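A.B. asks: pasting the structure only:
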Ligand code: SF4
Ligand code: SF4
Ligand code: SF4
């Protein structure tokens, strides 16, 4: 059975939020919107986002690592949000494994969001229905679009090419190959939901920091090498310039 999904490379993601913004832009104007905003110009603007980018810092200064975790509905293969829905509004499609909500049947009881271990459902306070990522189902089958554009908006817009889309059961898809070849993992495997979306791990990067004129600079920064080159002979940085050249 096909199972469409996203595979996101955490080693490449730079946390720019372009995926989240383009998701909001596309879905607000398309079939599964709007993605309502509340108090957009007020002190505490918030609203509905199908895709959110979380940012974490680990380690202790100066040896810290920052990583970004874009997160949207994972289209779980054993989706716990589906059987709890009292009206059948929440369902998983057989033909591609995408989990959807039929807004016409949703009574806004929020049982599905209580049963999602990932916090990936978004209740629209204005429309009073539950919404969530659809993997841009209204783009990926649209034959009026060129084949290369029949992908989720987040995948098309990612400037770092950190996002792959495809059938994770099809050995020909780039999503399948990325999972098999690059140690992909899923969120909360113990929840036994079998998320379809996968992540490629962030690789540990060894960073050497050097102090230069009261600033900490990464030794592998090419600009740093240039600064050292220019300061050669000034005596400011001593012998270490030879290591970087
Ligand atoms: S991530 Fe949450 S909303 Fe999406 S299918 Fe899994 S349980 Fe359901
Ligand atoms: S909020 Fe809507 S989709 Fe979710 S369980 Fe209730 S009726 Fe079903
Ligand atoms: S658009 Fe790409 S690089 Fe930017 S936050 Fe999203 S996944 Fe990461």
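C.D. replies: Nice, I can see it. Note that this is a predicted model, so its numbers are computed, not measured. Residues are numbered from 1 along each chain as shown. Ligands and ions are numbered 1, 2, ... in the order given.
A.B. asks: tell me how the protein divides into domains.
C.D. replies: Annotated domains of the chain cover 4-200, 209-244 [automatic domain parsing].
A.B. asks: please identify the most buried of these.
C.D. replies: domain 4-200 (a mean of 17; mean count of other CB atoms under 10 Å). For the C-beta atoms, the positions are set from N, CA and C on the backbone; glycine is no exception.
A.B. asks: re the thing from before, need the domains of the chain in CSV with distance to ligand 3, can you?
C.D. replies: Supplementary listing: these in CSV, determined by distance: least, CB to the nearest ligand atom, whole Å:
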stretch, distance to ligand 3
domain 4-200, 3
domain 209-244, 20
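A.B. asks: in what helix or strand does the spatially closest residue to residue 174 that is not a sequence neighbour lie?
C.D. replies: The shortest distance from residue 174 to any non-neighbouring residue, by CB to CB, 6 or more residues apart in numbering, is to residue 164 (5.1 Å). Under the criterion of DSSP states H and E, residue 164 resides in strand 163-167.
A.B. asks: picking up where we left off before, lowest-confidence stretch among the domains of the chain?
C.D. replies: For those, the weakest mean pLDDT is recorded on domain 209-244, namely a mean of 64.
A.B. asks: what sits up against the host helix or strand of residue 56?
C.D. replies: Residue 56 belongs to strand 52-60 when elements are defined using DSSP H and E. Outside strand 52-60, the residues within contact range by CB atoms under 8 Å, 6 or more residues apart in numbering are 13, 15, 17, 19-20, 64-72.
A.B. asks: from the residues you listed, which land in strands?
C.D. replies: In this view, the contacts of strand 52-60 that belong to strands under DSSP state E are 64-71.
A.B. asks: the lengthiest helix in the chain to strand 163-167, inter-axis angle?
C.D. replies: Ranked by residue count and defined by DSSP state H, the top helix of the chain is helix 18-29. Orientation check (axes from the mean of the first three to the mean of the last three CA atoms, to 10 degrees): helix 18-29 against strand 163-167 gives 60 degrees.
A.B. asks: ok, residues contacting helix 18-29?
C.D. replies: Contacts of helix 18-29 (CB under 8 Å, 6+ apart): 33-35, 49-53, 70, 72, 133-134, 136, 139, 152-159, 163.
A.B. asks: any idea how far that helix is from the chain center?
C.D. replies: 13 Å (CA atoms, centre = their mean, to the nearest Å).
A.B. asks: okay, the angle between it and strand 63-71?
C.D. replies: Here helix 18-29 runs at an angle of 20 degrees relative to strand 63-71 (the same axes, to 10 degrees).
A.B. asks: which is the succeeding secondary structure element to helix 18-29?
C.D. replies: Sequence order places strand 37-38 as the next helix or strand after helix 18-29, per DSSP H and E.
A.B. asks: that next one pairs with which strands, and in what direction?
C.D. replies: strand 46-47 (antiparallel) (DSSP bridges).
A.B. asks: how far away is the residue nearest the centre of the chain from residue 50?
C.D. replies: Closest to where the C-alpha atoms of the chain average out (CA atoms, centre = their mean) is residue 70, at 2.4 Å. As judged by CB to CB, to the nearest Å, residue 70 and residue 50 stand 11 Å apart.
A.B. asks: cool, and residue 100?
C.D. replies: 12 Å.
A.B. asks: okay, and the common contacts of the two?
C.D. replies: Taking CB under 8 Å, 6+ apart as the criterion, residue 100 and residue 50 both touch residue 134.
A.B. asks: gap between residue 44 and residue 82?
C.D. replies: Residue 44 is 33 Å from residue 82, where distance means CB to CB.
A.B. asks: what's the answer for residue 166, then?
C.D. replies: 23 Å.
A.B. asks: please, where are all the helices along this protein?
C.D. replies: Assigned by DSSP H, the helices in the chain fall at 18-29, 111-114, 137-140, 153-157, 174-181, 222-231, 241-244.
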